[in-house]
Every structure is written in structure tokens, then in C-alpha cells.
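Asker: Next comes the sequence, and after it the predicted model I'd like to discuss.
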Protein chains: 2
Amino acid sequence: MNNDTDRDNASIVAAVSAGDIRAGARLITRIERGDESIAPLLKALFRLGGKAQIVGVTGPPGAGKSTLISRLVAHWRGLGLRVAVLAIDPSSPFTGGAVLGDRLRMGDHSGDGGVFIRSMASRGQLGGLAKAAGDAITVLDAMPWDVILVETVGVGQNETEIMRHASVVVLLQTPMGGDDIQAAKAGITEIGDIFVVNKGDHPEADRTVRFLQDMISLSHRLHAEKPWHPPVVKTRALNGDGIAELAQQIDRCFAALAANPGFARSRETERIKHRVTELLRHQLDQRLRANGSPWLDACVDPVIARETDPYALADELFQRMAG
Amino acid sequence: MNNDTDRDNASIVAAVSAGDIRAGARLITRIERGDESIAPLLKALFRLGGKAQIVGVTGPPGAGKSTLISRLVAHWRGLGLRVAVLAIDPSSPFTGGAVLGDRLRMGDHSGDGGVFIRSMASRGQLGGLAKAAGDAITVLDAMPWDVILVETVGVGQNETEIMRHASVVVLLQTPMGGDDIQAAKAGITEIGDIFVVNKGDHPEADRTVRFLQDMISLSHRLHAEKPWHPPVVKTRALNGDGIAELAQQIDRCFAALAANPGFARSRETERIKHRVTELLRHQLDQRLRANGSPWLDACVDPVIARETDPYALADELFQRMAG
């Protein structure tokens, strides 16, 4: 029985790593369903990955992310690159009803075996979505894609968590009026490597570009050791203006990472630390939900008796883990 | 230096456990600020607690929670009970501007040393609020209150997490029309021990009571081992109708817990397991944010080299903790 499972798993890993799109899609569906039995597959697939460029794209609803991404994909396809798009967008009609949405999005790319577009639904579980996105990226990263584009809407906590899986993050903004600029939070430039002002023909577009440049310069002075100064690109995704420049800036950012191994390494360390923490958190939640976590049950008795306390117990468990 | 801190801490613990309201309020402010140096205080205070009845009250905005709670407090004060109210309500004007809000809420109770009302603001950190609420309850539970009433708005994930700190949970509903009843989720009765339909003079009130009773009976059949069948109480907090009955049902629920030590114990075990997990999750987040978690940094290198993977590393760390 176990041997059969092992053999099945080995053939799935072989299919996915050879680029079998159906095999990859089926795994992502199992991830969406919360199927924990794929853990050995994810372990094996992770070790085969690390070659694709993982680009995150995020921004508020209505900023034109889908159009921009479709243009970027066309640009990369024109260069012969193989591109996977993972869209995680609970507020968009493209997710949830993934099949229809993905067909719509495929648009020009349908029938092109060098493109894979896949939506992931949220299933209502907040933190869980970021973990599931990381699992799906692990699958895609084991396949022979040159670029994996991860899209998510908004700039909330959940989106930030999802963007942590990307190596380079593109933050999309719409042109902002004076009031929007006044109201913009100081942290607006915190999570981007490249900023895009889409709808670049809008009268406020140039002002928004300058505002973002100022905000970036400000935060850059605070973190002067960074070898990458985020550029602001003006695009008009609707007719393709600025897409080539955006693609070039993405290339430049990956080149900057490659040229600064120390910087790239510290980023990857942060990314993996975050991922391990996310998985640990998931483990904790799973074990709690599962009936019976005997080791924890046993720990709890002295707390009930108030001989010890939850703080001391959490400390002790943490020390054991870290020791 | 450390001796001074120890002495200071000992005198704070002594003051709080003797019922010094100012000392308790100051600690809650430190919790709100995320002051990690109070950990030893919380440990000591937890061991002094466990005597108060912790009642959670939650429900959608506009259901009349504040009025109901004010009535309940008046009822308990009439019986000579000492009552603390902890309001965690990010969407209400009572929180954030805690001082003014709390004064307004004190209303009839101002100048009554047997009542303490305190709001806690969210500070924008989702999961963190539930952890902070647990810390504040730890402080209040070490003080000589008979009842600690924890109030929060809504029935989202964050609110559910906060309600896990309570021994008995009261879920407030407004009367629902036919459409609302159609739309009501199956899980609507998942987190309450006592259900309240407030605004009981509303034409839809009786129908809503029957609907909730049906939903409870349904879920009760699924969990037949439970020794407590949640009642539905109709109230009209505005004029006090039904408040005495609600208070009586809360008493009955605590009596049922006391009469079924096995049930009470399994609930407390679940509560403490959840609390420890929450604290562990907090530890993980803190250590990651702190510059340098050398133990985790050291683990990450083989993952970067793809000799191992984040899943295996998370498993290993978890095993160490559980082993």
C-alpha cells in the first residue's frame, strides 16, 4: 500500500517536473482542497525548484492588474519565455469560478502551451490562503517555467503575506488625486521593488509618479544599505504603453539581486524563514484541530491546576523547538 | 537592577491581585502598547487567577450589545457582584477613543468601585488583538472580580478567537426577516452557549427565536454528548425585559459546567491549548521580526541549497517541540 503510494508520488513528481500541466493543475486543486496527503510531494518538488523567476504583482482593485499581466505575459511569450500565472484574488470574478475566469483570462494565450494561468480561491480561511499560495508556487517552481507571476489584489496583511513568496514585487497604483496623496499611508512603498502607475494618460499620473518617487527616496534614505532603488514606471496597459520598460525593470531587479549575492541571500533567508514560520503556524493549527494532540494535552494539566501558566508553557515549547 | 525590577513586579502583582484598579488599568495599557517586558507579570498573575466567571458577549453591529451589557452589569451589581467589562470593538466609537467611550459607557456605573469598564483598541494587527485580549483577561482574572464580561463585535474569525477566552459565550442577534433567515449560515449557532434575540418587541423576534432553536437542535443532534443545550432568550435591553432571564441562563450554564467536571475540563483543556498555540504563534512572529533568530538562520542554509525543504524543516522543528 505504502509502496503503491510512493510509486504514485514518484510518478506525479516526475510528471510535474517534466512540465505536465495537467499533473500540476491537479496538485494545485488538491492544495486548494486542503489535502494534507500531498506533503511528501511538496517536499520532493521543493527540492527540484528554485530556477524560475518569481514575480509578484499586487495593487488595489481596479488598478488594471489583469490587463497589465496579460500584456506582460504576451511580452515574455514574444521573447520565447514560458510563463505561469497564479492569481489569488478573492474579490475578483476570476477566482472562485476559476475555470470560466481562467478561460477568459487566457484570451490571446489559449492554446499556447507556454502559458499556464490558474486562479486560487480563498475558501474563507484567511492565513490559510497565503500558505496555500506558497504550496502552489512550490509546484509551479518545480515545472520548467521561466517566470512565475503571482497576482493578488489589495495591500492588506493577507496580500503582503502572499507577496512574501515572490523574489521581485511589482506594486501597481492608479493615478491619485491630491486628496488620495494626502491620505496615502507612509507605508505605501514598503512592499514594492518596482512601482507602476497604470492608466498613465490620466491627468494625475505624472504627479502620482513624482509622489511615489519622493516616498521611495525617503524610505531609501532610511535603508541606505539596499543595493536596489525601486523605480516608478508609468504604463497604459490598455494599449501596451510602458510594458517593455516594466519588463526591463523586472530584469534589472533580478540582475541586481544576482550581482549582489549577499543581498539576494539575505532576502532569500528572510523568505524561507517566513515560509517555515507559516508552515509551523499551519502545523500548530492542524494539530489543534485534529482530535488529540497528546503531547499538548499532557502539558495542559499543570496549567489547569495553575501550577504553571500558558506563557511559561509556550516559552518552554518554543525553547525546545529552538534548542 | 534586576532585583529592582523583581521588586517592582512583585508590588505590581500584589496591587493588581488586591484589586487596585489603577494598577490593573496601567497593565492593560502596557498590553495594548505591545510592551513585551510585562511577560513575567502575566505569568505571575495567571497563577493567581481562575476564580472569576468569564462571560463573552458577541454579535453583529447594531444588535444592542452595549445596552444589553449595561443592563447585565446593573443586574449583577444589584446582587452585589463585582464586574469587569473588557470591550474589544474596533468598529465602535467606544474603542480607540477609549477614555471618552468608557466614561460614556460607565453611565450609571460611574463612581461605583465594583465596576470596571475598559476598551481595547485593535492597533491594526489582526491576530494580535486576540492575543492582547487574552493578556488583558489574565490581568482582570487575577483581580477580585466575580464576573469578567468580554465584549466584541461581529462573528468573524478574529471575534471567534477572542470568544475562545471566555468560559460561557452569549451570542446576540437582532430579529431577522425571512430573507435574512434564508441567508443565515449553517454555522450561525456554532459559537454560542446562550443565544439572545434582542429588540424582542420586533415583529420578527419570535420567528427568529424559533429559527435559532431549530438550528441549535440540529447541531445538538450532531453533538449529542454535550450536557448543555443552548437556550434562546428574548430580550429588550432598552427597557430591561429579559435581562433577569439572561442572567439566570448564564448562571445555569456555569452550574452545568460545574456539575459536569469532565465536560468543563475538556472545555478548559481546549481553551488552554488554544491559548498556548496563540502564544506560540506570537513567539514565532516576534522572533522573526526581531533582528536575528540565529537558530532559525542556521536552519535555513540547507533549504537555500535545496538539500532540504521548508516542509521538512517545519516538521523537524515541530517534532522537537512536541518531542
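Answerer: Great, that's in hand. As the structure is a computational prediction, the values presented were derived from the model and not from experiment. Numbers count the residues shown, from 1 in each chain, chains lettered A, B, ... in the order given.

Asker: can we go C-alpha only for contacts and neighbour counts from here?
Answerer: Noted.

Asker: The closest residue to chain B within chain A: which element?
Answerer: Nearest to chain B, among the residues of chain A, is residue A:321, at 4.4 Å (Cα to the nearest Cα). Element membership for residue A:321 (DSSP states H and E) is helix A:310-322.

Asker: Now do that helix: which elements does it pack against?
Answerer: On a contact count with 3 or more Cα pairs under 8 Å, 6 or more residues apart in numbering or on different chains; DSSP states H and E, helix A:310-322 meets helix B:39-48, helix B:261-289, helix B:310-322.

Asker: tally of neighbours for the nearest residue to the residue of chain A closest to chain B once chain neighbours are set aside?
Answerer: Of all residues not flanking residue A:321 in the chain, residue B:321 sits nearest, at 4.4 Å (Cα to Cα, 6 or more residues apart in numbering or on different chains). When neighbours are counted by other Cα atoms under 10 Å in any protein chain shown, residue B:321 registers 18.

Asker: Verify the stated contact: residue B:321 with residue A:317.
Answerer: Yes. Residue B:321 is within contact range of residue A:317, at 5.3 Å (criterion: Cα atoms under 8 Å).

Asker: what's the distance between stretch A:8-19 and the middle of its chain?
Answerer: Put simply, stretch A:8-19 sits 23 Å off its chain's centre (Cα atoms, centre = their mean, to the nearest Å).

Asker: can you pull the buried residues of it?
Answerer: A:9, A:12-17, A:19 (16 or more other Cα atoms under 10 Å in any protein chain shown).

Asker: from those residues, which is closest to residue A:49?
Answerer: residue A:17 (8.7 Å; Cα to Cα).

Asker: burial count for the spatially closest residue to the closest one that is not a sequence neighbour?
Answerer: Computed as Cα to Cα, 6+ apart, the closest residue to residue A:17 that is not its neighbour in sequence is residue A:143, at 4.6 Å. Residues lying near residue A:143 (other Cα under 10 Å) number 26.

Asker: Next, the contact list for residue A:143, please.
Answerer: Contacts for residue A:143 (Cα atoms under 8 Å, 6 or more residues apart in numbering or on different chains) come out as A:16-20, A:24, A:49.

Asker: SS state for it?
Answerer: coil (DSSP: H, G, I helix; E, B strand; the rest coil).

Asker: mind checking how far it is from residue A:205?
Answerer: 38 Å (Cα to Cα, to the nearest Å).

Asker: cool, residue A:307 as well?
Answerer: 63 Å.

Asker: Among those two, which residue is more densely surrounded?
Answerer: Set residue A:307 next to residue A:205 and count neighbours by other Cα under 10 Å: residue A:205 wins out with 21 against 11.

Asker: mind listing what the closest residue to residue A:320 other than its chain neighbours touches?
Answerer: Excluding the flanking residues, the one nearest residue A:320 by Cα to Cα, 6+ apart is residue B:321, at 5.1 Å. Contact analysis of residue B:321 by Cα under 8 Å, 6+ apart lists A:317-321.

Asker: ranges for the strands of the stretch 1-150 of chain A?
Answerer: Secondary structure of the stretch 1-150 of chain A (DSSP state E, counting those that start in this stretch): strands at A:53-59, A:83-88, A:115-120, A:147-153.

Asker: contacting residues around the second one?
Answerer: Surrounding strand A:83-88, the residues in contact under the criterion Cα under 8 Å, 6+ apart are A:73, A:76-77, A:95, A:114-122, A:133, A:137, A:140, A:145-153.

Asker: can we see that at 7 Å?
Answerer: Strand A:83-88 is contacted from outside by A:73, A:114-121, A:145-152, using Cα atoms under 7 Å, 6 or more residues apart in numbering or on different chains.

Asker: avg pLDDT for that strand?
Answerer: The average of the pLDDT scores along strand A:83-88 is 93.

Asker: Give me the sheet partners of that strand and which way each runs.
Answerer: Applying DSSP bridges, strand A:83-88 is found paired with strand A:115-120 (parallel), strand A:147-153 (parallel).

Asker: The residue nearest to residue A:320 and residue A:304: what is the separation?
Answerer: Using Cα to Cα, we find residue B:321 at a distance of 20 Å from residue A:304.

Asker: Okay, now the unreliable bits of chain A?
Answerer: By pLDDT under 70, the low-scoring segments of chain A are A:1, A:89-111, A:122-127, A:154-157, A:185-187, A:222-225, A:288-293.

Asker: Not counting its neighbours along the chain, what's nearest residue A:311?
Answerer: residue B:43 (6.0 Å).

Asker: show me the contacts for that neighbour.
Answerer: Neighbours of residue B:43 in contact, by Cα under 7 Å, 6+ apart: A:309, A:311-312.

Asker: which residues does residue A:118 bridge with?
Answerer: residue A:86.

Asker: What is the neighbour count of it?
Answerer: Residue A:118 has 23 neighbours, counted by other Cα under 10 Å.

Asker: Now which of the contacts of residue B:321 would you call buried?
Answerer: By 16+ other Cα under 10 Å, the contacts of residue B:321 give A:317-318, A:320-321 as buried.

Asker: Now for those: which two are most distant?
Answerer: Using Cα to Cα, the two most remote members of the buried ones among the contacts of residue B:321 are A:317 and A:321, lying 6.3 Å apart.

Asker: residues contacting residue A:200?
Answerer: A:234-236.
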